[in-house]
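Undergrad: Here is my input, please return the structure:
(one chain, ligands or ions: 2)
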Amino acid sequence: MAVRITDLCISCDACLDECPTSSIVDDDDNPTGEEYYYVHPETCSECVGDHDSPACQAACPTEGCIVWDLPYDEENRAHFEGNPLYKIEDNADNNQPHRKEISMEDRKAGNVESVIE
Ligand code: SF4
Ligand code: SF4
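TA: Numbering: from 1, shown residues only. Ligands and ions are numbered 1, 2, ... in the order given. Below you'll find the model as predicted:
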């Protein structure tokens, strides 16, 4: 992981079929109960190996809607578990690839700085 879809999402569906890891679900299936699309951080690969940048962001018409988040790995597990922004699958234990060129500072989810350009 990962990227995060914020409440700027207009549920337009443009990103859903673009995800190579099927990590995006629509508002009906958002496990947090919010009425916008959701990225499962435990499976998002940041499109490493599939695209040069996150395909969901490239498809999204809403400026600032999709932001960088922390990598979903052992070091950052506490950021995701117990956080109402996420609903992590019970037995998720895999560490997905992430883009090492994106600094941890730029990954502070929700900050203006974390918007994917
Ligand atoms: S960054 Fe790539 S793998 Fe992650 S949710 Fe977006 S399209 Fe899917
Ligand atoms: S493309 Fe953007 S606005 Fe449309 S559903 Fe996906 S995240 Fe939401």
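
Undergrad: Mind pulling up the pLDDT for the residue in the chain sticking out farthest from the centre?
TA: Seen from the C-alpha centroid of the chain, the residue lying at the greatest distance (C-alpha atoms, centre = their mean) is Asn91, 18.6 Å away. Predicted confidence (pLDDT) for Asn91: 72.

Undergrad: What of Cys47?
TA: Confidence score, pLDDT, at Cys47: 96.

Undergrad: That one: neighbouring residues, count only.
TA: 22 (other C-beta atoms under 10 Å). (Glycine included, C-beta is placed from N, CA and C.)

Undergrad: do the same with Gln96
TA: 20.

Undergrad: Repeat that for the one 3 residues further on.
TA: Other residues within reach of Arg99, judged by other C-beta under 10 Å, total 17.

Undergrad: Distance of it relative to ligand 1?
TA: The spacing between Arg99 and ligand 1, counted by C-beta to the nearest ligand atom, to the nearest Å, is 9 Å.

Undergrad: and Glu18, what are its phi and psi?
TA: Taking degrees, to the nearest 10, you get phi -90, psi -10 for the backbone angles of Glu18.

Undergrad: Repeat that for Ala58.
TA: phi -60, psi -30.

Undergrad: Is it correct that it is in contact with Ala14?
TA: No: in this structure, Ala58 is not within contact of Ala14 by C-beta atoms under 8 Å, at 9.6 Å.

Undergrad: Name the nearest residue to Glu42, ignoring sequence neighbours.
TA: Ala92 (3.7 Å; C-beta to C-beta, 6 or more residues apart in numbering).

Undergrad: Does that neighbour lie in a helix or a strand, and which?
TA: For Ala92, there is no helix or strand it lies in under DSSP states H and E.
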